[in-house]
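S.K.: Only the shape, not the letters, is given here:
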Ligand SMILES: O=P(O)(O)OC[C@H]1O[C@H](O[C@H]2O[C@H](CO)[C@@H](O)[C@H](O)[C@H]2O)[C@H](O)[C@@H](O)[C@@H]1O
Ligand SMILES: O=c1ccn([C@@H]2O[C@H](COP(=O)(O)OP(=O)(O)O)[C@@H](O)[C@H]2O)c(=O)[nH]1
């Protein structure tokens with residue numbers, strides 16, 4: 001058990017709660033939110049107790065309705081922060097996902113706009129107000145991700161006004177780009193200063209950590225000579241890498257369920273004599289989905305002898321559908337998918353199954369399990385937990401992970417996978433071919449390497465390590481990080 005979380009009061013804060021609330025026929029229904037942040041933090045629930053603040057994903061105006069939503073979430077230790085829909089839209093869609101997200105992922109052509117920025121500030125303030133009121137002095141507050149970069153500073157001020165002292169940790173789940181890219185954002189200084197009011201800041205990889213440290217030095221003239229520390233104004237902030245992971249047992253246990261075993265049997269029978277490649281990604285530019293489909297097209301062109309012998313099952317989970325760029329990407333992907341099947345399908349079958357929807361967890365594990373290859377083509381990606389999940393489901397098959405060198409996961413998984421550059425179709429085609437033809441001994445060796453990594457670096461360990469460090473930081477602030 002994660003003793004730290006139980007001894008001290010732990011509060012998790014993220015923009016999105018793990019449960020999204022929807023109004024169906026006048027009543028409220030909640031369902032699990034998608035994405036890696038929820039996966040990583042849900043894995044933590046096994047070992048640590050915490051309350052979770054976040055936006056419920058819906059506008060609720062009526063005080064009675066708010067009470068109803070509040071009660072239904074209470075059972076999951078979740079506390080909703082209600083936002084009116086235009087504010088939520090400007091904060092989440094317009095600033096977080098149209099301006100900040102692309103810059104964090106090295107996408108160019110971003111246009112800054114003042115209205116969304118003001119909404120971003122306002123939402124961070126509303127979070128700070130709600131948390132400062134509830135938090136007990138001495139508690140640990142762990143803030144997550146790019147939607148809430150201003151929160152540590154706003155929260156620290158409010159806690160101080162109330163005479164409370166809490167430890168504040170911040171984890172970024174995206175990459176942090178190299179300095180010159182970050183300069184594209186006119187409000188870059190405010191965001192960095194907001195984060196620097198934390199006691200501890202965590203990144204997924206050493207590269208992101210170093211980029212952040214370099215930016216603090218060049219932009220704020222902060223002192224960064226001591227490893228893993230940033231001194232800015234009168235504060236000493238610890239900076240480190242914490243490897244986020246999954247709960248592998250959840251996948252292993254699910255694979256044992258009779259209905260999942262039956263589903264696996266049916267899928268194996270259906271794809272007898274056919275090699276299955278799986279891809280699971282939120283429908284997002286950063287996942288390199290158009291590159292993936294084009295690379296797969298090149299692979300099919302290069303290997304006519306494999307006609308009807310290979311299928312790519314691509315799950316594209318709907319995401320951020322109110323953002324214009326995401327809508328355009330969806331249209332583009334449908335067109336490319338149609339063209340690929342138009343070119344390569346035969347009366348015996350289609351080489352590409354493109355599914356634009358989310359899949360239930362049991363189905364997801366069955367899909368991972370029957371796949372000979374998992375193809376992940378991110379152009380940039382904070383970590384990519386799908387890579388971990390695929391490995392967790394490959395005890396029997398020893399399938400091969402073909403992993404873009406730009407996923408954060410590649411910093412740790414390159415030895416056990418086949419790495420490639422997602423913009424290079426030829427390289428991708430060769431990587432797919434090599435993965436499909438790897439001999440069993442090599443497949444086993446790669447799988448065992450990755451299994452060791454995934455089983456060692458679990459989400460529970462990630463959470464416990466971060467909380468332990470945060471708690472120590474407060475007890476002995478002068479100590480090295
Ligand atoms: O909440 P959404 O807008 O629907 O997006 C889902 C999540 O996407 C991002 O996930 C990141 O976190 C993962 C876990 O650390 C990491 O593996 C992945 O590479 C990242 O893209 C986002 O950072 C989350 O806040 C979102 O909830
Ligand atoms: O229909 C689906 C398919 C997948 N996932 C999960 O979404 C997460 C994706 O996390 P990742 O870190 O790969 O990327 P992110 O979407 O957070 O950028 C994984 O845990 C998947 O199991 C999901 O919620 N719904």
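M.R.: Good, I have the coordinates. Bear in mind the structure is a predicted one, so any value in this text is a computation, not a measurement. Ligands and ions are numbered 1, 2, ... in the order given.

S.K.: Up against ligand 1, what does the stretch 101-250 of the chain have?
M.R.: 145, 173-174, 244 (Cβ under 6 Å from any ligand atom). Any C-beta I mention is one placed from the backbone N, CA and C, and that applies to glycine too.

S.K.: quick check, nearest of the residues you listed to ligand 2?
M.R.: residue 173 (7.1 Å; Cβ to the nearest ligand atom).

S.K.: Count the residues that sit near the closest one.
M.R.: 23 (other Cβ atoms under 10 Å).

S.K.: correct me, but it touches residue 148?
M.R.: No: using Cβ atoms under 8 Å, residue 173 makes no contact with residue 148, being 11.1 Å away.

S.K.: Kindly state the domain boundaries assigned to the chain.
M.R.: 8-244+460-475, 248-455 (automatic domain parsing).

S.K.: I'd like these laid out as a markdown table, including mean pLDDT.
M.R.: Formatted as a markdown table, the domains of the chain follow (pLDDT from 0 to 100):
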| stretch | mean pLDDT |
| --- | --- |
| domain 8-244+460-475 | 93 |
| domain 248-455 | 98 |
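
S.K.: May I ask which of the residues of the stretch 101-250 of the chain next to ligand 1 has the most neighbours?
M.R.: Tallying neighbours with other Cβ under 10 Å puts residue 244 at the head of those, with 29 neighbours.

S.K.: Quick one: the helices in the stretch 51-200 of the chain, in order.
M.R.: In the stretch 51-200 of the chain, the helices defined using DSSP state H, counting those that start in this stretch lie at 63-74, 85-88, 101-104, 114-134, 151-161, 179-182, 188-195.

S.K.: What are the contacting residues of the longest one?
M.R.: In this structure, residues lying in contact with helix 114-134 by Cβ atoms under 8 Å, 6 or more residues apart in numbering are 11, 13, 53, 79, 81, 83, 87-88, 90-91, 94-96, 98-100, 141, 147-151, 154-155, 157-159, 161-162, 164, 187, 194.

S.K.: what do you get if the cut-off is 7 Å, keeping everything else the same?
M.R.: 11, 13, 53, 81, 83, 87, 90-91, 94-96, 99, 141, 148, 150-151, 154-155, 158-159, 162, 187 (Cβ atoms under 7 Å, 6 or more residues apart in numbering).

S.K.: what's the closest of the residues of the stretch 101-250 of the chain next to ligand 1 to residue 445?
M.R.: Nearest to residue 445, judged by Cβ to Cβ, of those is residue 244 at 25.2 Å.

S.K.: how close does the closest one get to residue 350?
M.R.: 36 Å (Cβ to Cβ, to the nearest Å).

S.K.: if we can go back for a sec, can you tell which of the helices of the stretch 51-200 of the chain is closest to residue 273?
M.R.: That would be helix 101-104 among those, by Cβ to Cβ, at 41.8 Å.

S.K.: what about the closest one and ligand 2, touching?
M.R.: No: Helix 101-104 stays clear of ligand 2 (Cβ under 6 Å from any ligand atom), getting no nearer than 10.1 Å.

S.K.: I'd like the helices of the stretch 51-200 of the chain written out as TSV, with distance to residue 324 added.
M.R.: Formatted as TSV, the helices of the stretch 51-200 of the chain follow (distance: least, Cβ to Cβ, whole Å):
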stretch	distance to residue 324
helix 63-74	29
helix 85-88	17
helix 101-104	12
helix 114-134	13
helix 151-161	27
helix 179-182	22
helix 188-195	23
